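>>> can you look at this prediction? I've put the sequence above it.
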Amino acid sequence: MPSSETKPPEPEPEEKKKDEKPEDKIKTNDYWQGRFKSVRARLAKAEEEQQLVEDELNLLRVQQAREIAPEVQKELQQKIADKTAELETKRAASEKVKKALDELEEEFKKSGAPEEWSKAE
């Protein structure tokens, strides 16, 4: 038989957010700088890898332009196609990390933490 007592409704997510302490939202200087440092390091690595592949592709194109033998030109054309595909993969990886940095910056702005916390030390 159901009891006549009713349980109070569970707090809505908005109500739960009100219970959060302001410092939970702001986090700490070390927290934000650590996150920014990590994402910026990933971005630098992705961009460096992309640049390396671009340089290799340009070198292959120069070699192909100088090559006279048709069989070697054909071989170089395949290498250029492979390197172009690799470059597209590297570009996509760079864009993904750039997006992650943009999202982190947006999250940081919403947190209300001091602006200087997002800067590299």
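Perfect, I can see it now. In this text, all values refer to a predicted model and were calculated from it rather than measured experimentally. Numbering: from 1, shown residues only.
>>> which of the helices and strands in the chain ranks last by mean pLDDT?
Every helix and strand of the chain was ranked by mean pLDDT, DSSP states H and E. The lowest is helix 13-19, at a mean of 42.
>>> pick out the residue closest to the middle of the protein.
The residue lying closest to the centre of the chain (C-alpha atoms, centre = their mean) is Val97, at 1.8 Å.
>>> roughly how far does that one sit from Leu87?
In this view, Val97 and Leu87 are 16 Å apart by C-beta to C-beta, to the nearest Å. Just so you know, the C-beta spots here come from the backbone N, C-alpha and C atoms, and that holds for glycine as well.
>>> circling back to that earlier point, wait, the residue nearest to the centre of the chain touches Arg40, no?
No: shown here, Val97 and Arg40 do not form a contact pair, counting by C-beta atoms under 8 Å, at 9.1 Å.
>>> report the rounded mean pLDDT for stretch 54-71.
Taken as a whole, stretch 54-71 carries a mean pLDDT of 95.
>>> for that stretch, buried residues please.
For stretch 54-71, burial by neighbour count (16 or more other C-beta atoms under 10 Å) applies to 57, 60, 64.
>>> what about the helix or strand hosting Leu52, distance to the chain center?
Leu52 is part of helix 29-66 when elements are defined by DSSP states H and E. Using C-alpha atoms, centre = their mean, to the nearest Å, the mean C-alpha position of helix 29-66 is found 12 Å from that of the whole chain.
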